[in-house]
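# below: sequence and its predicted model.
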Amino acid sequence: MVQAPEVTTRVDKAISQILPICDSPLKREVLFIKDTALTAIADQAALQTINQGLVDKAS
């Protein structure tokens, strides 16, 4: 399974390569996709930590 920091780095790298070739109106949408992806990655990591804590507590 790919870890959150690795995915975050890949998203940042891809977006940094895409932005210079985007027309101005499209840049806003690309940044929206970046923000959404990074938020989803952070949420998933947080939920995984919470879930593991609950599993450990129940054991």
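Sure thing, it's come through.
# drop to CA atoms for contacts and neighbour counts, all remaining ones
OK.
# and for residue 22, the neighbour number?
Applying other C-alpha atoms under 10 Å, we find 13 residues neighbouring residue 22.
# and the residue nearest the centre of the chain, how far is that from residue 53?
Centroid-nearest residue in the chain: residue 38, 2.5 Å away (criterion: C-alpha atoms, centre = their mean). In this view, residue 38 and residue 53 are 23 Å apart by C-alpha to C-alpha, to the nearest Å.
# residue 9 too?
Distance from residue 9 to residue 53, by C-alpha to C-alpha: 26 Å.
# got any ranges where this structure has weak pLDDT?
1-2 (pLDDT under 70).
# which residues of it fall in helices?
4-18, 24-58 (DSSP state H).
# what distance separates stretch 37-49 from the centre of its chain?
Here stretch 37-49 is found 7 Å from its chain centre; the criterion is C-alpha atoms, centre = their mean, to the nearest Å.
# got the contact list for it?
4, 7, 8, 11 (C-alpha atoms under 8 Å, 6 or more residues apart in numbering).
# residue 4 versus the last one, what's the distance?
To residue 4, residue 11 is 10 Å away according to C-alpha to C-alpha.
# now do residue 21
From residue 21 to residue 4 the distance is 27 Å (C-alpha to C-alpha).
# so which of the two has more stuff around it?
When residue 21 and residue 4 are compared for neighbours, residue 4 comes out ahead with 15 against 10, by other C-alpha under 10 Å.
# quick one: residues contacting that one.
By C-alpha under 8 Å, 6+ apart, the neighbours of residue 4 are 41, 42, 45.
# repeat for residue 15
Contacts of residue 15 (C-alpha under 8 Å, 6+ apart): 30, 31, 34.
# got JSON lines for those residues, with neighbour count and distance to residue 49 too?
Listed next are the contacts of residue 15 as JSON lines, based on neighbours: other C-alpha atoms under 10 Å; distance: C-alpha to C-alpha, whole Å:
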{"residue": "30", "neighbour count": "16", "distance to residue 49": "29"}
{"residue": "31", "neighbour count": "14", "distance to residue 49": "27"}
{"residue": "34", "neighbour count": "18", "distance to residue 49": "23"}
